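**Q** All I have is the shape, not the residue letters:
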């Protein structure tokens, strides 16, 4: 039987500081057992005897591959379509009609939506479905689509495949599920090609000091990502979001997150939905 690896206070501090420095994720003391549970199989597989030895290998690896494996295990989480449905209802019923009418009035036909921390792709695919439904036959004439980013290569690979189990698509309206997904022989569901090609998946670290995008976004979804950050990291990220949002642009965050009462750059609209002033 494999011996359970333990982690000392010093080793946990080394791993925690490295994850915070590179990814902004704040591994509190309460996450110690999670770190051990998610990493010990990796340590055994790759032949590390202690967490200190593993940390030394992480620091020495210049390719970034070891850090990729680390973040894939630390950040993995389960999600599904239409999570926090009120956000998608508001986006479809209020945000999209207003944006489309404004763009038409300005003789512009582009919608710039960013799903930041997209995980396995459910959020950006559903946002794109709602845009396609709203624009109907006009969609092809618009520069729409969704930019979807995540720090985890593993999550992005799954997102690009667009393959989901029954429980992940169960909250999609039946008509939309059958219109945009195909049932596979093994019982899973795959996003159709005409949907997959509209979502651009990219690896992106939200800890980058500057977000260098050619044009501002009208909508940013960054939900259930900032729960891993401490206050200083969260505030710095919100400032970067503010910078790359158009005036009047919308920011959606998770229901367990908040921008804080001292935040003056955004107007509160509804729980976890804000608008750039």
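**A** Ah, there it is. Given the structure is predicted, the values throughout are model-derived calculations rather than measurements.

**Q** Who are the contact partners of residue 229?
**A** Contacts for residue 229 (CB atoms under 8 Å, 6 or more residues apart in numbering) come out as 24-26, 237. The C-beta positions use only the backbone N, C-alpha and C, and glycine is treated the same way.

**Q** Mind doing that once more with 6 Å?
**A** Contact analysis of residue 229 by CB atoms under 6 Å, 6 or more residues apart in numbering lists 24, 26.

**Q** any idea where the helices of the stretch 1-150 of the chain begin and end?
**A** Along the stretch 1-150 of the chain, counting by DSSP state H, counting those that start in this stretch, helices occupy 9-23, 32-46, 51-60, 65-74, 85-90, 96-105, 122-135.

**Q** could you dump those to TSV with mean pLDDT?
**A** Shown next, in TSV, are the helices of the stretch 1-150 of the chain (pLDDT from 0 to 100):
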stretch	mean pLDDT
helix 9-23	94
helix 32-46	90
helix 51-60	94
helix 65-74	87
helix 85-90	97
helix 96-105	96
helix 122-135	98
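
**Q** if we compare those helices, which one ends up closest to residue 209?
**A** Proximity to residue 209 (CB to CB) singles out helix 9-23 among the helices of the stretch 1-150 of the chain, at 12.8 Å.

**Q** and the angle from the closest one to helix 65-74?
**A** Helix 9-23 runs at 100 degrees relative to helix 65-74, counting by axes from the mean of the first three to the mean of the last three CA atoms, to 10 degrees.

**Q** Packing partners of helix 9-23?
**A** Secondary-structure packing of helix 9-23 (3 or more CB pairs under 6 Å, 6 or more residues apart in numbering; DSSP states H and E): helix 51-60.
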